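# Provided below for reference: sequence and predicted model.
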Amino acid sequence: MYKRPILGSSGSGKSTLLHIIAGLDSPSEGKVLLNDLDMGNLSDNKMAKVRNQHIGFIYQSHHLLNDFSSIENVMMPLTVRRGDYLKDFNQAKKVLKKLGLAKRLNHFPHQLSGGERQRVAIARAMVTTPDLILADEPTGNLDHKNANLIFDSFLELADEFRTAIVLVTHDLSLAKKMKKNYLLASGKLKSN
């Protein structure tokens with residue numbers, strides 16, 4: 001499965017590139033195609049639907065909803081689809097279990113460690129089995145040991161779900177776990 005990290009100095013445009021890929025920002029030139037869809041020509045509603053069905057997001061800050069438990073946070077993208085509650089619950093539980101959080105389903109974000117919160121955020125991004133995960137410094141707030149453990153679990157889950165990953169990171173040890181690196185410098189993406 002396609003796994004590519006993008007490296008670059010702070011302010012080089014790595015996060016902006018992820019936003020363009022996701023259709024959150026528009027490119028100044030060219031097109032972004034996802035499954036043969038030109039992301040720039042989609043209505044807001046269609047774009048939201050494409051994101052919900054095909055793209056998962058993981059950020060450095062977990063962006064969990066404080067008033068919802070771990071399982072409720074993970075179920076959120078499925079709930080937006082207005083799916084079957086029991087099926088959605090079981091899918092969220094399965095993903096949380098794979099990330100080692102089977103005993104933390106009903107805990108709220110403030111009851112979780114930083115690593116646990118980030119694993120919940122990864123589970124939320126993966127629960128829909130998206131075609132693509134856009135990960136922006138997903139372990140940036142974690143110590144080196146936890147970052148590597150969580151990142152390894154994330155890669156295993158992505159392999160199982162056959163999900164492509166575009167990762168923005170400063171962490172060379174994480175980038176080395178992926179097959180080919182890219183460097184973003186002076187507005188150009190170069191194979192590294």
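Right, received. Where do you want to start? Residues are numbered from 1 along each chain as shown.

# Identify the residues contacting the longest helix belonging to the chain?
In the chain, taking DSSP state H as the definition, the longest helix is helix 144-161. Helix 144-161 is contacted by residues 1, 3, 58, 95, 98-100, 114-115, 118-119, 122, 126, 129-130, 133, 135, 138-140, 142, 163-165, 171, 173-174, 177 when judged by Cβ atoms under 8 Å, 6 or more residues apart in numbering. For glycine as for every other residue, the C-beta is placed from the backbone atoms N, C-alpha and C.

# PyMOL command for the buried members of those?
Command for PyMOL that selects the buried part of these, burial taken from 16 or more other Cβ atoms under 10 Å:
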select buried, resi 3+58+95+98+99+115+118+119+122+126+129+130+133+135+138+139+140+142+163+165+171+174
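
# So for the longest helix of the chain, could I get the coordinates as CSV, restricted to C-alpha?
What follows is helix 144-161, C-alpha atoms only, in CSV (Å, rounded to 0.1, in the frame of the first residue of the first chain):
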residue,chain,number,x,y,z
HIS,A,144,9.9,9.1,21.2
LYS,A,145,9.0,5.7,22.6
ASN,A,146,5.3,6.2,22.6
ALA,A,147,5.4,7.9,19.2
ASN,A,148,7.1,4.8,17.7
LEU,A,149,4.7,2.3,19.4
ILE,A,150,1.6,4.2,18.3
PHE,A,151,3.0,4.8,14.8
ASP,A,152,3.7,1.1,14.3
SER,A,153,0.1,0.2,15.4
PHE,A,154,-1.1,2.8,12.9
LEU,A,155,0.9,1.3,10.0
GLU,A,156,-0.3,-2.2,10.9
LEU,A,157,-3.9,-1.0,10.8
ALA,A,158,-3.4,0.9,7.5
ASP,A,159,-1.9,-2.3,6.0
GLU,A,160,-4.9,-4.4,7.2
PHE,A,161,-7.4,-1.9,5.9
